[in-house]
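A.B. asks: Following is a predicted model, sequence given first.
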Amino acid sequence: MSQRNPMNERYTNDKRANVSRKSAASAKPKTKAAASVTVTGSSKPAKDKKQLQKEARKQEQARQRELDRKYYKPDTARYKKLRRLWMISLAAAVVCVVLSWALRSVQPEWIAMVCLFGAYGFVIYAFYLDFSKIKKERRAYQERMVALEAEQERKEKLEARQAQAANSKKNAKKHH
């Protein structure tokens, strides 16, 4: 920053040596202490909401892990067909890789490259089967089994209530 004119009266005056005027901001009235603090209602802070969401997500993941552990391998014909197709796809990929290495020294380079790209195709197809078709089949199976468990549990509770009602009627007849 360049120096201002030394002939200016603020620099030549004896009583104000090296002191500039106060800014206009200092003349403004000060705000009261804690004037910017606002009190909100009973809504929970963002940290608490995030913590609750995190806990709910953890519980859902734990529930899903338990379902995956319990019902990982459906016994449906479609699932078995998809798994067979998945295994065949992976085996074909391995065969293509072996052929690509074996043909490299005997045949032209382009045949080996075609075999290698075929292996990539089979691996990608196996991933597609596993992450879309087989996963959907597992989910559907899990949902069916959970619904079946809930229905079975409901029937057991109903039978227990009926048995309890029958016992209470027998006891009431014995006492009278």
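C.D. replies: That came in fine, so what should we check first?

A.B. asks: Check the gap between the residue nearest the centre of the chain and residue 65 for me.
C.D. replies: Nearest residue to the geometric centre of the chain (Cα atoms, centre = their mean): residue 57, 7.7 Å. Counting by Cβ to Cβ, to the nearest Å, the gap from residue 57 to residue 65 is 12 Å. In this view, the C-beta of every residue, glycine as well, is placed from N, C-alpha and C.

A.B. asks: go on, residue 171?
C.D. replies: 46 Å.

A.B. asks: lowest-pLDDT helix or strand in this protein?
C.D. replies: helix 9-12 (a mean of 69; mean pLDDT, DSSP states H and E).

A.B. asks: ok, and what's touching the following helix or strand past it?
C.D. replies: Counting by DSSP states H and E, the element after helix 9-12 in chain order, helix or strand, is helix 46-70. With contacts defined as Cβ atoms under 8 Å, 6 or more residues apart in numbering, helix 46-70 is touched by 44, 138, 142, 145-146.

A.B. asks: Report the rounded mean pLDDT for stretch 53-63.
C.D. replies: Stretch 53-63 shows a mean pLDDT of 88 in the predicted model.

A.B. asks: Tell me where the longest helix sits in the chain.
C.D. replies: helix 135-175 (DSSP state H).

A.B. asks: how much does it deviate in direction from helix 46-70?
C.D. replies: 90 degrees (axes from the mean of the first three to the mean of the last three Cα atoms, to 10 degrees).

A.B. asks: tell me what helix 135-175 is packed against?
C.D. replies: helix 46-70, helix 77-106 (3 or more Cβ pairs under 8 Å, 6 or more residues apart in numbering; DSSP states H and E).

A.B. asks: Now the element after the last one, going C-ward?
C.D. replies: Sequence-wise, the next helix or strand downstream of helix 77-106 (DSSP H and E) is helix 109-128.

A.B. asks: Can you spell out which helices and strands pack onto that following helix?
C.D. replies: Taking 3+ Cβ pairs under 8 Å, 6+ apart as the contact definition, the neighbouring helices and strands of helix 109-128 are helix 77-106.

A.B. asks: how big is the angle separating the helix it packs on from helix 109-128?
C.D. replies: 160 degrees.

A.B. asks: ok, back up a step: make CSV from the contacts of helix 46-70 and add pLDDT, distance to residue 167 and neighbour count to it.
C.D. replies: Output for the contacts of helix 46-70, formatted as CSV (pLDDT from 0 to 100; distance: Cβ to Cβ, whole Å; neighbours: other Cβ atoms under 10 Å):
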residue, pLDDT, distance to residue 167, neighbour count
44, 63, 48, 11
138, 87, 43, 18
142, 86, 37, 17
145, 86, 32, 14
146, 86, 32, 14
